[in-house]
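*Asks:* using only what follows, build the 3D model:
(one chain, ligands or ions: 1)
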Amino acid sequence: MQQTVTTALPQIKTITRPMPNATQGRVRRTREDIETVRANNPIEQVIARYVVLRPSGRRLLGNCPFHNDPTPSLVVYAHNQSFYCFGCDVGGDVFKFVQLFEKLSFAEALQRLGSITPTNRPVSRVLPVSVNTLPRVELSEEHFTLLTAATEVYHAAIFTQPRVLEYLAKRRIDLDMIRYHRIGYVTGNDLAKYFRFRGWDPEIANDLGLIGPRGEYFRQRIVIPEVREGRAIYLVGRATQKYQRAKYLGLPGAPKPLYGLERVRGSAEVFLCEGPLDWLTLVQWGYPAIALLGSHLKQDQASEIADAERVFIVTDSDEPGRRSARRLAEMFGKRARIVPPLPNAKDVNELAMHPRAHETFSELVQQARSGLH
Ligand SMILES: [Zn+2]
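*Replies:* Below is the predicted model:
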């Protein structure tokens, strides 16, 4: 006879919470609340409820609702969540748009967007577009010329920033390295000025993602360019302020290259690391190093170092770093050598701040080379 087994399943309760509404009176909103509402309301989806948007390069274009606009002049930038009208000079973030369109105060716009949940969200008139699915602008000669000029503007600005130079000195990146690699600093108001001076179209800077309606993309960051044949092809920006949540930002409008590729061409040994500061440290120590700017190597990037007989993998000492070392080693098979975890340092740049750092590192490289590790 079959026995019936009854398993006590936990009861799934449906909790219905009253929606906050405008009559609840004044609610003190924290910075976090504002950012949550912002994150739940991608600007391209919100504006698309009011205006028909079509993709154009990395941006979306529409007829501006704030002036008589047959052109269309309204540009929506998903990558930095802002909009700008080239016809009537209005711009801002998602809250600003709703404020202007609905004639609301900031608090009211926040309330309005905050009350839109995924279940009652109106269907937008364009498909949701994320920055990753936006088609990239084909970069032209003009773009590279401009990026190279921007790099020089930023490089000049770093010498007016004693605190930034001091920080880099502490990270053991010396003035020669700063000069040689055209490392810069973005104050936030040098580039636009320079563009006006040269009479250049700010649109090009928008294509690259250097300037948006909210100002310069890399403001208050140290920028490290990738230079090929004397031209800058990419920039990565490192945070210098506590409010900057992303430690590193890459240039939105250009494909991410392998840093330092030019210098390792034809080299029998290549040192592969993750971050730009680790890379600068390795280069300063004289290693033929390249940086991933992340932990993933794409197959077509791997083929760029197909000639190297040995690939030394230098990742962070923590568990995610070790995992990524093993994953990268798999891609290179017999050519891979994993450099053992760095003693008392999270990464190579941190190791550089210790005494005898270079010697310590070269001992680890010896171990990796002899296959002891
Ligand atoms: Zn307008």
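
*Asks:* OK, contacts around the residue positioned nearest the centre of the chain?
*Replies:* The central residue of the chain, meaning the one whose C-alpha is nearest the mean C-alpha position (CA atoms, centre = their mean), is Leu249 at 2.8 Å. By CB atoms under 8 Å, 6 or more residues apart in numbering, Leu249 lies in contact with Tyr217, Phe218, Arg221, Val236, Gly237, Ala239. All C-beta atoms are positioned from the backbone trio N, CA, C, and that covers glycine.

*Asks:* narrow those residues to those in helices?
*Replies:* When the contacts of Leu249 are checked against helices (DSSP state H), there are no matches.

*Asks:* identify, from those residues, the entry nearest to the ion.
*Replies:* Nearest to the ion out of these is Tyr217 (CB to the ion; 22.6 Å).

*Asks:* you'd agree that closest one is up against Ser82?
*Replies:* No: with the criterion set as CB atoms under 8 Å, Tyr217 and Ser82 do not qualify as a contacting pair; they are 10.5 Å apart.

*Asks:* what are the bridge partners for the residue nearest to the centre of the chain, then?
*Replies:* Each beta-bridge partner of Leu249 is listed here: Gly237, as defined by DSSP bridges.

*Asks:* just to revisit the earlier point, including distance to the ion, pLDDT and neighbour count, could the contacts of Leu249 go into CSV?
*Replies:* Putting these into CSV (distance: CB to the ion, whole Å; pLDDT from 0 to 100; neighbours: other CB atoms under 10 Å) gives the following:
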residue, distance to the ion, pLDDT, neighbour count
Tyr217, 23, 91, 27
Phe218, 27, 95, 26
Arg221, 30, 96, 26
Val236, 34, 96, 23
Gly237, 30, 96, 26
Ala239, 33, 94, 16
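
*Asks:* please list the residues of the stretch 1-150 of the chain that sit near the ion.
*Replies:* Neighbours of the ion within the stretch 1-150 of the chain, by CB under 5 Å from the ion: Cys64, Phe66, His67, Cys85, Gly87, Cys88.

*Asks:* list the contacts of the fourth one.
*Replies:* Contacts here follow CB under 8 Å, 6+ apart; on that basis Cys85 touches Cys64, Phe66, His67, Asp69, Ser73, Leu74, Val75, Gly91.

*Asks:* residues contacting the second one?
*Replies:* When contacts are counted by CB under 8 Å, 6+ apart, Phe66 is found next to Cys85, Cys88, Val90, Leu100, Phe101.

*Asks:* mind doing that once more with 6 Å?
*Replies:* Cys88, Val90 (CB atoms under 6 Å, 6 or more residues apart in numbering).

*Asks:* give me the phi and psi for it.
*Replies:* Main-chain dihedrals, Phe66, degrees, to the nearest 10: phi -100, psi -10.

*Asks:* any idea how far Val365 is from it?
*Replies:* From Phe66 over to Val365 the distance is 60 Å, taken as CB to CB, to the nearest Å.

*Asks:* in TSV: the contacts of Cys85, plus pLDDT.
*Replies:* What follows is the contacts of Cys85, written out as TSV (pLDDT from 0 to 100):
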residue	pLDDT
Cys64	92
Phe66	92
His67	89
Asp69	85
Ser73	87
Leu74	90
Val75	90
Gly91	88
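
*Asks:* in helices, which of those fall?
*Replies:* Counting by DSSP H, none of the members of the contacts of Cys85 fall within helices.

*Asks:* nearest to Arg263 among these?
*Replies:* Val75 (38.1 Å; CB to CB).

*Asks:* quick revisit: may I ask which two of the residues of the stretch 1-150 of the chain next to the ion are separated the most?
*Replies:* Set against one another by CB to CB, these have their most distant pair in Phe66 and Gly87, with a gap of 8.4 Å.

*Asks:* what segments of the stretch 51-200 of the chain are helices?
*Replies:* Read by DSSP state H, counting those that start in this stretch, the stretch 51-200 of the chain holds these helices, from start to end of the chain: 94-102, 106-114, 141-158, 162-170, 175-180, 191-198.

*Asks:* not counting its own residues, what contacts the first one?
*Replies:* By CB under 6 Å, 6+ apart, the residues outside helix 94-102 that reach it are Asn41, Ile43, Val46, Ile47, Tyr50, Phe83, Ala109.

*Asks:* then the longest one?
*Replies:* With contacts defined as CB under 6 Å, 6+ apart, helix 141-158 is touched by 164, 182, 184-187, 190-191, 194, 204, 208, 210, 223, 225, 231-232.

*Asks:* mind redoing it with 8 Å?
*Replies:* Surrounding helix 141-158, the residues in contact under the criterion CB under 8 Å, 6+ apart are 137, 164-165, 178, 182-187, 190-191, 194, 198, 200, 204-205, 207-208, 210, 218, 222-223, 225, 227, 230-235, 251, 253-254.

*Asks:* one step back: nearest to His354 among the contacts of Cys85?
*Replies:* Top of the list for closeness to His354, among the contacts of Cys85 and by CB to CB, is Gly91 at 47.2 Å.

*Asks:* circling back to that earlier point, got the contacts of Leu249 as a markdown table, with distance to Val339 columns?
*Replies:* Output for the contacts of Leu249, formatted as a markdown table (distance: CB to CB, whole Å):
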| residue | distance to Val339 |
| --- | --- |
| Tyr217 | 33 |
| Phe218 | 31 |
| Arg221 | 28 |
| Val236 | 22 |
| Gly237 | 27 |
| Ala239 | 26 |
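
*Asks:* can you tell me which of these is nearest Phe312?
*Replies:* Val236 (21.7 Å).

*Asks:* so the closest one sits against Ile224, correct?
*Replies:* Yes: in terms of CB under 8 Å, Val236 counts as a neighbour of Ile224; the distance is 5.3 Å.

*Asks:* please enumerate the shared neighbours of the two.
*Replies:* Both Val236 and Ile224 are in contact with Tyr259, Pro276, where contact means CB under 8 Å, 6+ apart.

*Asks:* show me the shaky parts of this protein.
*Replies:* For the chain, the stretches flagged by pLDDT under 70 are 1-29, 116-138, 372-373.
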